[in-house]
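In: sequence first, predicted model second:
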Amino acid sequence: STPTEDLHDFGVRHVTKGLGRITEGIMTKGAGSWVTYDDGRKYLDFTCGIGVTNLGHAHPRVSKAAADQCMQLVHSQCSISLHEPYLRLIERLLPIMPDPSLDSFFFWNSGSEAVEAAIKMARWFTKRQNIICMQGAYHGRTFGAMAVTKSKTIYSAGTHPLMVQHIAPLTAINKPGVFSIPYPYWHQSNMPVNTPASVLADNALYQLDLLLAQQTAPADTAAIIVEPVLGEGGYVPAPPEFLQGLRKVCNKHGIMLIVDEVQCGFGRTGNWFAVTESGVKPDILVMAKGLGNGFPISGVVSRRELTDKLKPGSMGGTYAGNAVSCAAAVAVNEAMVEENTLENVQLRSNELFSALNALKYDPTLNPHILDVRGRGLMVGVEFGSSSVSSHSHAHEPFTTHSAASLPPDTPPHSQHSAHPSGAKHPKNMASRVAKKCIEKGMLILTTSVYEVIRFIPPLNVSKEDMKAGCQIFAESVREVVR
Ligand code: PMP
């Protein structure tokens, strides 16, 4: 076999180039908030494998639960027989659902597959075809999920046509069954960074009204799919009034509201689910990532009154609801409750916002950080223009933080971009800062087509590690700006 030192080069030759990568070398170990590479490098991991290892790497309770299950029953295939971890998981999840009406579960392996299942269910429940999604949305890489993904062209370029209406003859020139409206993010409406949340929400909801009047009739529209916090599109929380507005439109027209909490769910925003803040009841809720803390599992939850209409055999998948993944997910939930993880999210979130806002309002850096926003430990930092206009910062950006996690803040400075959307910015700022952070020992990711760094630290990150992460980030920003 290949000697370890050559294994990386072997990988470079034989692993598909279609995968991007932010670090060189081979990761060999993960423990808590830290990962180690084969050459001894250690990193503070503020990526969590893109929002997955929310309880840190190799959480002992989760790993033990999976190991124990491995010795008991690895796989049953759920169309052959239910197994105990599947049912124990439902027992744990029922009480934390954003609404008690969400009481019928289907587990799958990945977020994309769960999105596919949600779209399939919405079409079946409504007997309609079309889906409305958000500009900037990310829902996955399978064809249906890719069709409602609007965050970057790289995910689908060269692979069109995507999902099409099932009308004969089925050709590439048929109208796609997917429509989109702006997410209430200032970029999407080409508005200034300090545009009030209510204006952005009103604009997006107005576009939805127009869409339903001009392009897809309600009677043809099966579902609206939305991330309560836009993830791959820029780490932007939706204002509650936007989600409430979507709910109203769905109620009025019998459209299913699909809420995708793959990235923002399971405590990431300080609530079990991000949609809870708005009080909105999804018809279908999609989850994955943090559910299994690294063991592949996703879920689709809806109401029994709806799912009872599904024909047995219409849903399924070989590994759907794998026993080891379900056992791990049960342990994740137990650990989060016993370790008061949601409380830790609030505490660390306040520290993170304080540190980032201090940087934002540091006159020596101003105006390189244009926006600091998020909920809990799902926080985006957007870099902006250095061309300052004199108009004052009348409103804080709506996305800064929830009232519950209001950090001590410094007074706002005059800070604005000459371009209304703030699109004129120092080039590649986000990726340069991320690269610098990695050089200094912290894994961190950018997101979206804008200049955004995303913070997704473990939900149980310690005070010391949060401080270290903020320090590395601040030093990196200063060095890149210099
Ligand atoms: N939905 C959202 C909101 C996501 O963030 C992701 C993954 N980044 C997905 C769906 C797709 O999940 P997966 O990669 O597990 O297929």
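Out: It's in.

In: CA only for contacts and neighbour counts going forward, please
Out: Noted.

In: which bits of the chain sit near the ligand?
Out: 110-112, 138-140, 227, 231, 260-263 (CA under 6 Å from any ligand atom).

In: any chance of the residues you listed in CSV, plus neighbour count, secondary structure and pLDDT?
Out: Shown next, in CSV, are these (neighbours: other CA atoms under 10 Å; DSSP: H, G, I helix; E, B strand; the rest coil; pLDDT from 0 to 100):
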residue, neighbour count, secondary structure, pLDDT
Ser110, 19, coil, 98
Gly111, 27, helix, 98
Ser112, 24, helix, 98
Tyr138, 28, coil, 98
His139, 30, coil, 98
Gly140, 21, coil, 97
Glu227, 29, coil, 98
Gly231, 26, coil, 98
Asp260, 30, strand, 99
Glu261, 27, coil, 98
Val262, 29, coil, 98
Gln263, 29, coil, 98
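
In: is the residue of the stretch 301-450 of the chain at minimum distance from the ligand bridged to anything, and to what?
Out: Minimum separation of the stretch 301-450 of the chain from the ligand (CA to the nearest ligand atom) falls at Thr447, amounting to 10.3 Å. Thr447 has these beta-bridge partners by DSSP bridges: Val452.

In: could you check the pLDDT of it?
Out: Looking at Thr447, its pLDDT is 96.

In: the one 5 residues further on too?
Out: Model confidence at Val452, given as pLDDT, is 97.

In: run through the protein and note the low-pLDDT ranges.
Out: 2-3, 5, 163-176, 385-426 (pLDDT under 70).

In: quick one, what contacts the spatially most central residue of the chain?
Out: The centre of the chain sits closest to Gln263, judged by CA atoms, centre = their mean, with a distance of 2.8 Å. Residues in contact with Gln263, defined by CA atoms under 8 Å, 6 or more residues apart in numbering, are 51-52, 231, 287-290.

In: mind listing the strands for the stretch 301-450 of the chain?
Out: 369-375, 378-383, 442-443, 445-447 (DSSP state E, counting those that start in this stretch).

In: okay, those strands in a markdown table with distance to Asp39 and mean neighbour count next?
Out: Converted to a markdown table, these look like this (distance: least, CA to CA, whole Å; neighbours: other CA atoms under 10 Å):
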| stretch | distance to Asp39 | mean neighbour count |
| --- | --- | --- |
| strand 369-375 | 35 | 25 |
| strand 378-383 | 31 | 27 |
| strand 442-443 | 16 | 25 |
| strand 445-447 | 22 | 23 |
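
In: including distance to Asn428, could these go into TSV?
Out: Below are the strands of the stretch 301-450 of the chain laid out as TSV (distance: least, CA to CA, whole Å):
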stretch	distance to Asn428
strand 369-375	13
strand 378-383	9
strand 442-443	17
strand 445-447	10
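
In: which stretch among those approaches Arg454 most closely?
Out: Each of the strands of the stretch 301-450 of the chain has some distance to Arg454 by CA to CA; the shortest is strand 378-383, at 4.5 Å.

In: give me the residues contacting that closest one.
Out: Strand 378-383 has contacts (CA under 8 Å, 6+ apart) with 234-236, 264, 268-269, 356, 368-374, 425-426, 429-430, 450-456.

In: of the residues you listed, buried ones?
Out: Among these, the ones that count as buried by 16 or more other CA atoms under 10 Å are 234-236, 264, 268-269, 356, 368-374, 425, 429-430, 450-456.

In: quick one: contacts of stretch 26-46?
Out: Around stretch 26-46, the neighbours that count as contacts under CA under 8 Å, 6+ apart are 8, 25, 55-59, 438, 441-445, 455-458, 461, 465, 469.

In: distance from that stretch to the middle of the chain?
Out: Relative to the centre of its chain, stretch 26-46 is centred 23 Å away, using CA atoms, centre = their mean, to the nearest Å.

In: determine how far the last residue of it lies from the first.
Out: This stretch, stretch 26-46, spans 18 Å end to end (CA to CA, to the nearest Å).

In: for that stretch, buried residues please.
Out: So for stretch 26-46, counting by 16+ other CA under 10 Å, buried means 26, 30, 32-36, 42-46.

In: what lies in contact with stretch 86-99?
Out: For stretch 86-99, contacts defined as CA under 8 Å, 6+ apart pick out 100, 102-103, 105, 272-273, 275-276, 279, 281, 321-323, 326-327, 329-330, 333.

In: filter the residues you listed down to the ones in helices?
Out: By the criterion of DSSP state H, membership of the contacts of stretch 86-99 in helices covers 323, 326-327, 329-330, 333.

In: good, wrapping up.
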